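*Asks:* structure for this input, please:
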Amino acid sequence: MRSKEWAVHNPGGSGRVLVTKELPGGRWLEILAGADCSVEVCTSREILTTDEIKTAIGGRCDGCIGQLTEPWGKDLLGSLKAAGGKVYSNYAVGYNNVDVASATEMGIPVGNTPGVLTETTAEMAVALTFAAARRLVEGDRFMRAGRYRGWLPSLFLGERLRGKTLGVIGAGRIGSAYARMMAEGHRMNVLYFSPHANRALEERIAAYGEFLESLGERPVTCRRAETVEALLREADVVSLHTILDDTTHHLIHAERLAMMKENAILVNTCRGPVIDEAALVAHCREHPDFRAGLDVYEDEPAMKPGLSELDNVVLVPHIGSATVWTREGMAVLAASNVAGILSGYPVWQGQDISAFLEDDPPKAAPSIVNAKELRLTEYKP
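*Replies:* Coordinates of the predicted model:
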């Protein structure tokens, strides 16, 4: 017997798709039903264990939609393959929880949900930046505790960001969107570190700088740092937008924290293990003017001891993509990945997936990360 409750949608479908969490909206269910699939959705808010997912997969399962919180390794993927599984899609743009190499060996396409998270997650990074800089959470607690006795010149002094240096580690889609928001909206100069130069970002901010100059204002700038260390030493704000792999695990550790300015701000909306969280706790204790804004955690959902006690850290529960539009869009993309592969559709090419959110989407799987390795057919309009 299953240890969690499951809801069944379109029970007459000939295919069987397992979804490990309830997803927002209803269109994603329509997409799977349109592919003649019965859809079984776990209604529990608890994270499923590997054994619970294997039990739910059972002897026949055509495809799965899973979560970042679940380790889709060789064992679990093997259970899906043994049950006749033809596709797995992560309900996330990241997929470090999936053993893609093993999936490829088994011939299982792995989907993700890029594109719809870009602006939303960048906006969360902006929100965390200002919440930390202007000490909003501290002020909120102060007011709720009834401690406010009137305006004071020195009450909750924070940091002004206009004209300061913004450090962005990882200048992909989300990092670039965040950099543009902070440069164009708040006149911050951008210093970024990325394996490759982002000429589009540099040209965009350079053009904005020229516009400011035409108004008689000081221009903003954008340049690439040679090393992470160089960026950390110079930046007033550092925001992390990297993937998580062996090269970025504990990218920010004690030694690198010590390189940062005493009153710097560190923001993380990518993956928790990119920061050595225990080292961050120690650093924030020793440097009360240093501030951090975190949406993700190393041992999520747990936090390292002492983190929740720090007034100079803003904490939110992994809600970087938590807008209705984005989360519903993610569900549509994940369902379209599964439905597309089960329907024998080709794989979409290019980064713009907006067509899948419209009324007449392409007959394609929007994002399969191992499509080239599996030599899947490319979509040709």
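*Asks:* please identify the buried residues of the helix ranked longest in the chain?
*Replies:* Determined from DSSP state H, the single longest helix within the chain is helix 324-342. The neighbour-count check on helix 324-342 (16 or more other Cβ atoms under 10 Å) flags 326-342 as buried. Glycine gets a C-beta too; all of them are placed from N, C-alpha and C.
*Asks:* where does the chain have low pLDDT?
*Replies:* Residues of the chain that meet the criterion pLDDT under 70 lie in 1-3.
*Asks:* and the next element down the chain from the helix or strand harbouring residue 103?
*Replies:* For residue 103, the host element (DSSP states H and E) is helix 100-106. Using DSSP H and E, the helix or strand that follows helix 100-106 in sequence is strand 110-111.
*Asks:* residues contacting that following strand, please?
*Replies:* Under the contact criterion Cβ atoms under 8 Å, 6 or more residues apart in numbering, strand 110-111 has outside partners 87-90, 95, 98, 100, 103-104, 333-334, 337-338, 341, 365-370.
*Asks:* tell me how far it lies from the chain's centre.
*Replies:* Relative to the mean C-alpha coordinate of its chain, strand 110-111 is positioned 16 Å out (Cα atoms, centre = their mean, to the nearest Å).
*Asks:* chain center to the longest helix of the chain, what's the gap?
*Replies:* How far helix 324-342 lies from its chain's middle: 16 Å, per Cα atoms, centre = their mean.
*Asks:* elements contacting it?
*Replies:* strand 15-19, helix 27-34, strand 37-42, strand 63-66, strand 87-90, strand 110-111 (3 or more Cβ pairs under 8 Å, 6 or more residues apart in numbering; DSSP states H and E).
*Asks:* for the stretch 251-381 of the chain, which segments are assigned as strands?
*Replies:* 265-268, 291-294, 313-315 (DSSP state E, counting those that start in this stretch).
*Asks:* I'd like those laid out as TSV, including distance to residue 221.
*Replies:* Below are those laid out as TSV (distance: least, Cβ to Cβ, whole Å):
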stretch	distance to residue 221
strand 265-268	19
strand 291-294	24
strand 313-315	28
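*Asks:* returning to what we had before: nearest to residue 144, out of the helices and strands packed on helix 324-342?
*Replies:* strand 37-42 (35.8 Å; Cβ to Cβ).
*Asks:* next, the angle from that closest one to helix 27-34.
*Replies:* 140 degrees (axes from the mean of the first three to the mean of the last three Cα atoms, to 10 degrees).
*Asks:* just want the angle from the next helix or strand after strand 37-42 to strand 15-19.
*Replies:* Remark: after strand 37-42, the chain's next helix or strand is helix 50-57, criterion DSSP H and E. Calculated by the same axes, to 10 degrees, helix 50-57 forms an angle of 160 degrees with strand 15-19.
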